[in-house]
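>>> make a model of this:
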Amino acid sequence: MKMPTLESDLLSRLRVAGLLVTGVIAASVLGYVVLGHASFLDALYMAVITVAGVGYGEIIPTDHNHVLRIFNMFVVVVGVTITVYVFSVVTAFLVEGELRNLFWRRKMQKRINELEDHFIVCGLGDTGRHTVDELQRTQTPYVVVESAEENIKKLQQSAPGEYDEILYVIGDATDETCLSDSGIDRAKGVIFALPTDKDNLVATIIARQRNPKLRIITRCIDPRYSDRMMKAGADSTVSPNRIGGMRMASEALRPHVVGFLDLMLREHSRTLRIEEIEVHSSSPWVGQSLQQLSLRAKYNLMVLATKGRSADGHDGIFCPNPADDSVMTSGMVIIVMGDVHDLRKARHEAHHHEHKPHLAVTHTT
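Next up is the predicted model:
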């Protein structure tokens, strides 16, 4: 969300006021030195007390110097005028700026309160910035929780115009009130990327208590904390060190595969991703085969795998490269690769359920 332009206008007025004060003091010092034959320190002191209008006695006598007295009156009039202007600008900067900032934050909080099924990213460090970048590129609604507002401004400055509409809450992610302000009760998932594992563990516990259906992904540096986080309610833990090591090994073993994945993630003309589409019980896709769905022809999506549900309702196993006659069942997940815009269309179709009205048929005899 873009900061108000009033702040830049007030800063400009403050600079002008500062230049005017500096200019009148410099001119006054020069006049007192030349006309009153005073030392630089005495002239500076006389200029300051005159411009400020504090009412101290004259240390440079003007009784017998009519030109100096006229000059001093000019300094008093101009100095008082500029001083009043400076005070008005400073007051406007403090009062109007704070009020506009308050209204701006309330407007942003209102937008957050209207969100549903969004994601929350807690911590805008090295890991959090990359997480936000992916959510931004895939146009996924999200809210950032960060304790230092400077990190928000750095993110906005790193890509001018891209993060102007970012929604964020300034505060501690281990504070339940802060998580509540980010809409955790209505969120689809939360990503904890706080600096320490202890903070991530505490935040995970609070988040799970607030929303039992929430999907929680937690950053974990020390492997010993992984099990604790899972027991505390995290759905998955991610170790940056482990992923970094796997990436380095992949660069050595399969450079072309890594190059393709990098191209897919970094290409700007289109946003290619490997995503998932869940088939709900009310989906029109239930009972249809992959051949009937024609995901490649309709949405330009490549089916990589499917994942069904077992008889007891738990997650089943993955079926890579499924056959065309694979039939969709309730709760099945389809893993596809394609552009996020095409994926959004397919997901909307999968979740769309038309309620056709029942027509009453009358028979006449």
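
>>> hey, let's count contacts and neighbours off CA atoms from now on
Fine.

>>> tell me if Ser282 really is in a helix.
No: counting by DSSP: H, G, I helix; E, B strand; the rest coil, Ser282 is not part of a helix but coil.

>>> how close does it get to Val336?
Going from Ser282 to Val336 by Cα to Cα, to the nearest Å gives 21 Å.

>>> and the two? Which one has more around it.
Neighbour totals were compared for Ser282 and Val336, and Val336 leads with 21 against 14 (other Cα atoms under 10 Å).

>>> remind me which helix or strand the nearest residue to the more buried one once chain neighbours are set aside belongs to.
Leaving aside its sequence neighbours, Val336 sits nearest to Val303 (Cα to Cα, 6 or more residues apart in numbering; 4.4 Å). Assessed by DSSP states H and E, Val303 sits inside strand 302-309.

>>> what's the angle between the next helix-or-strand element following that strand and strand 302-309?
Next along the chain after strand 302-309, taking DSSP H and E as the criterion, comes strand 315-320. With axes from the mean of the first three to the mean of the last three Cα atoms, to 10 degrees defining the directions, strand 315-320 sits at 160 degrees from strand 302-309.

>>> still on that earlier bit, who's in contact with the residue nearest to Val336?
Applying Cα atoms under 8 Å, 6 or more residues apart in numbering, we find Val303 in contact with Leu295, Arg296, Asn321, Pro322, Ile334, Ile335, Val336, Met337.

>>> roughly how far apart are it and Asp324?
Val303 is 10 Å from Asp324, by Cα to Cα.

>>> and Arg309, by the same measure?
Counting by Cα to Cα, the gap from Arg309 to Asp324 is 19 Å.

>>> when those two are compared, which one has more neighbours?
The neighbour count for Arg309 versus Asp324, taken as other Cα under 10 Å, is higher for Arg309 (16 against 13).

>>> who does the more buried one bridge with?
Asp315 (DSSP bridges).

>>> so what touches stretch 68-78?
With contact meaning Cα under 8 Å, 6+ apart, stretch 68-78 is reached by Val24, Ser28, Gly31, Tyr32, Leu35, Gly36, Ala47, Thr50, Val51, Gly53, Thr62, Asp63.

>>> now do the buried residues in it.
Buried positions in stretch 68-78, judged by neighbour count with 16 or more other Cα atoms under 10 Å: Leu68, Arg69, Phe71, Asn72, Val75, Val76, Val78.

>>> out of the residues you listed, which are inside helices?
Leu68, Arg69, Phe71, Asn72, Val75, Val76, Val78 (DSSP state H).

>>> list just the nearest of those to Leu20.
For these, the closest approach to Leu20 (Cα to Cα) belongs to Val78, at 9.9 Å.

>>> so how far is Val34 from that closest one?
19 Å.

>>> is the spatially most central residue of the chain part of a helix or strand, or is it coil?
In the chain, the centroid-proximal residue (Cα atoms, centre = their mean) is Ile166; its distance is 4.1 Å. Following three-state DSSP, Ile166 is assigned to coil.

>>> that one contacts Thr140, doesn't it?
No: using Cα atoms under 8 Å, Ile166 is not in contact with Thr140, being 11.6 Å away.

>>> that older thread, got JSON lines for the contacts of Val303, with secondary structure, pLDDT and distance to Trp104 too?
Converted to JSON lines, the contacts of Val303 look like this (DSSP: H, G, I helix; E, B strand; the rest coil; pLDDT from 0 to 100; distance: Cα to Cα, whole Å):
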{"residue": "Leu295", "secondary structure": "helix", "pLDDT": "94", "distance to Trp104": "44"}
{"residue": "Arg296", "secondary structure": "helix", "pLDDT": "93", "distance to Trp104": "45"}
{"residue": "Asn321", "secondary structure": "coil", "pLDDT": "93", "distance to Trp104": "50"}
{"residue": "Pro322", "secondary structure": "coil", "pLDDT": "93", "distance to Trp104": "51"}
{"residue": "Ile334", "secondary structure": "strand", "pLDDT": "95", "distance to Trp104": "42"}
{"residue": "Ile335", "secondary structure": "strand", "pLDDT": "95", "distance to Trp104": "41"}
{"residue": "Val336", "secondary structure": "strand", "pLDDT": "95", "distance to Trp104": "40"}
{"residue": "Met337", "secondary structure": "strand", "pLDDT": "92", "distance to Trp104": "39"}
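
>>> okay then, goodbye and thanks.
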